[in-house]
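# Starting from these lines, generate the structure:
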Amino acid sequence: MDVGKNIREFQQKLPKNVKLVAVSKTKPNEVVMEAYHAGQKIFGENKVQDLREKYEALPKDIEWHFIGHLQTNKVKYIAPFASLIHAVDSLKLLKVIDKEAAKNSRKIDCLLQFHIAQEETKFGMSLEEAKSLLGSDEFSGLKNVAVCGVMGMATYTNDENQVRKEFTMLHNIFQVLKSDYFSSCNSFTEISMGMSHDYPLAIEAGSTMIRVGSSIFGERVY
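Coordinates of the predicted model:
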């Protein structure tokens, strides 16, 4: 797998407004560095321990995104350095991120995760739950988190119409939240959707950030 070549191909074909998050989970540091040397600076990990180890070992101008399901008791380990937490699915988690960010004298960018797939195994909120969260006094009291957009995962299926429908749904949720809660907020801009198998459909539907692993690094090593 020529990782550098794959990165350069993505750089050439992605629209300017779409960020590439290279999903480096399970990959060794030297493979991450191949992507880094090809110009890739944003990497995503889904395990706290792996993310910390890579952060400590690799160049400090890498922007680390946490893309997995984050447990509240693990937030403190990534709060000093995480650039973006993709999968915030509760007020409880947001409050812990806010508290840990304050301890580190920083503000952490977050995305709200929505359940758009037909698979029960996926995490995420409904639009109603998000409205309840964003309208709460507790949310307005948070000073060390910035909600910058939304994130979701489509159903893993070959049915393109189904996937397209789910991505469109997330885009519509983004629009509703933007107009109702973030109309004067210039940083509420991100729609994180699309992975190796479905990112072209996600970009068509308005994605600003795709999370790609196997198309860059090859299949996962367990």
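# Stretch 191-209: how far from the chain's middle?
12 Å (Cα atoms, centre = their mean, to the nearest Å).
# Begin at 51 from now on, thanks
OK, 51 is where the count begins now, so the last one is stretch 241-259.
# mind checking the end-to-end distance for it?
End-to-end distance of stretch 241-259 (Cα to Cα, to the nearest Å): 6 Å.
# With stretch 60-74 instead?
End to end - Cα to Cα - stretch 60-74 spans 15 Å.
# from what I can see residue 77 touches residue 269, true?
No. Counting by Cβ atoms under 8 Å, residue 77 does not reach residue 269; the two are 10.9 Å apart. No exception for glycine: its C-beta is placed from N, CA and C like everyone else's.
# higher neighbour count, those two?
For residue 77 versus residue 269, the count of surrounding residues by other Cβ atoms under 10 Å is larger for residue 77: 23 against 10.
# Just want the most central residue of this structure.
residue 136 (3.2 Å; Cα atoms, centre = their mean).
# Where does it sit, in terms of helix or strand?
Element membership of residue 136, judged by DSSP states H and E, is strand 134-138.
# That strand packs against which elements?
Other helices and strands packing on strand 134-138, by 3 or more Cβ pairs under 8 Å, 6 or more residues apart in numbering; DSSP states H and E, are strand 113-116, helix 141-153, strand 158-164, strand 195-202.
# okay, those in JSON lines with distance to residue 129, mean pLDDT and mean neighbour count next?
Output for the helices and strands packed on strand 134-138, formatted as JSON lines (distance: least, Cβ to Cβ, whole Å; pLDDT from 0 to 100; neighbours: other Cβ atoms under 10 Å):
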{"stretch": "strand 113-116", "distance to residue 129": "10", "mean pLDDT": "98", "mean neighbour count": "22"}
{"stretch": "helix 141-153", "distance to residue 129": "4", "mean pLDDT": "98", "mean neighbour count": "19"}
{"stretch": "strand 158-164", "distance to residue 129": "7", "mean pLDDT": "98", "mean neighbour count": "25"}
{"stretch": "strand 195-202", "distance to residue 129": "10", "mean pLDDT": "98", "mean neighbour count": "24"}
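# Pipe those into TSV and attach distance to residue 105 per row.
Shown next, in TSV, are these (distance: least, Cβ to Cβ, whole Å):
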stretch	distance to residue 105
strand 113-116	6
helix 141-153	15
strand 158-164	14
strand 195-202	20
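# So for residue 183, which of those sits nearest?
Using Cβ to Cβ as the criterion, the shortest distance between residue 183 and those is 4.8 Å, found for helix 141-153.
# contacting residues around the closest one?
Contact with helix 141-153 is made by 120, 122, 125-126, 129, 135, 138, 157-158, 160, 183, 186, 188-189, 192-195, 197, as judged by Cβ atoms under 8 Å, 6 or more residues apart in numbering.
# Done for today, thanks.
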